[in-house]
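Engineer: Using only what follows, build the 3D model:
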Amino acid sequence: MTARILIIAGSDSGGGAGIQADIKTVTMLGGHAMTAVTAITAQNTLGVQAVHQIPTDMVLAQIDSVVSDIGVDAIKIGMIGSAETANAVADHLTSLFSREGGSPDWTPAFAGEQGREEHHNPARIPIIFDPVMIATSGSVLADSNTIAAFTRLMRIATLVTPNLPELAALGGEAAIRALGPAVLVKGGHAEGPDITDRLVTDAGETRWTNPRIETRHAHGTGCTLASGIATGLAQGMTLADAIERAIAFVRAALAQAPGLGTGHGPMGHALGMSPFDQLKDR
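Structural biologist: Numbering: from 1, shown residues only. Here you go, the predicted structure:
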């Protein structure tokens with residue numbers, strides 16, 4: 001069965017990041033993408049001009065709608081919109097997981113590597129939390145109250161994927177690990193010709209080091225990586241294998257960036273191909 005990935009995140013009108021990048025990533029990696037939109041942004045390659053937060057009740061209604069009918073194998077959480085929504089989503093997902101009788105369609109395809117005993121995720125479904133705070137352009141996407149509420153989401157997450165500035169804002173690696181989830185520290189903000197991404201779990205540390213791809217068209221790398229990992233876990237891959245494939249996909253998409261816009265442009269999620277045309281010509 002096709003892996004079902006629920007994306008709880010904001011919309012990027014420029015199509016480079018947010019749910020637009022998530023949907024493209026999940027589709028290219030063979031999954032079915034569903035969304036609960038938390039915020040609508042007026043955004044292009046130069047920055048974010050306006051943000052409209054979706055009411056919390058509507059975010060929860062979107063989650064209930066897809067869960068009750070289509071079912072979910074993994075969840076990716078990105079831009080959450082507000083502290084109220086962060087707390088409500090954490091409560092709601094926990095309630096859905098643990099409700100009496102359960103739901104057959106809520107059973108994950110992947111049920112391993114879920115953290116420690118105190119990790120509050122009763123259904124053991126993979127949840128990837130990308131703690132979005134600042135857009136590639138530098139625009140702020142989460143205020144201090146929202147960042148403080150990230151603790152609730154980290155407690156139910158399988159994996160948290162901060163970049164280096166986000167890691168510092170969240171109190172560091174040890175502070176996140178104390179809440180239960182594995183941590184993938186993204187090294188793109190570090191200096192040097194290579195980028196090292198580090199996965200830290202109870203079993204130890206795994207590193208991936210790759211040459212830096214020099215480009216200004218890197219908008220949406222974090223969203224793409226997190227959605228790629230969620231898709232892999234939903235398809236039954238191990239955490240390390242899902243991360244390795246997601247990193248490879250991000251790098252391929254960076255190499256195929258179409259060069260759109262005058263600022264931080266989108267990546268090339270289609271990898272320079274038209275899949276339908278290739279299928280049609282077979």
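Engineer: can you map out the strands along this structure?
Structural biologist: In order along the chain, the chain carries the following strands (DSSP state E): 4-12, 32-44, 47-53, 74-77, 127-129, 159-160, 182-185, 194-201, 204-211.
Engineer: any idea how far the fifth one is from the chain center?
Structural biologist: In terms of Cα atoms, centre = their mean, to the nearest Å, the centre of strand 127-129 is found 6 Å from the chain centre.
Engineer: And the strands of the chain: which comes nearest residue 280?
Structural biologist: When the strands of the chain are compared for distance to residue 280 using Cβ to Cβ, the nearest one is strand 32-44, at 21.8 Å. C-betas here are computed from N, CA, C, even on glycine.
Engineer: which strands and helices sit next to that closest one?
Structural biologist: With contacts defined as 3 or more Cβ pairs under 8 Å, 6 or more residues apart in numbering; DSSP states H and E, the packing partners of strand 32-44 are strand 4-12, helix 18-28, strand 47-53, helix 56-69.
Engineer: most neighbours per residue, which of those?
Structural biologist: Scoring the helices and strands packed on strand 32-44 by mean neighbour count under mean count of other Cβ atoms under 10 Å gives strand 4-12 as the most buried, with a mean of 27.
Engineer: on that earlier part again, just tell me which of the strands of the chain ends up closest to residue 217.
Structural biologist: Comparison of the strands of the chain against residue 217 by Cβ to Cβ identifies strand 32-44 as nearest, at 13.0 Å.
Engineer: tilt between the closest one and helix 18-28?
Structural biologist: Going by axes from the mean of the first three to the mean of the last three Cα atoms, to 10 degrees, strand 32-44 is angled at 140 degrees with respect to helix 18-28.
Engineer: Off-centre distance for stretch 14-33?
Structural biologist: Using Cα atoms, centre = their mean, the mean C-alpha position of stretch 14-33 is found 10 Å from that of the whole chain.
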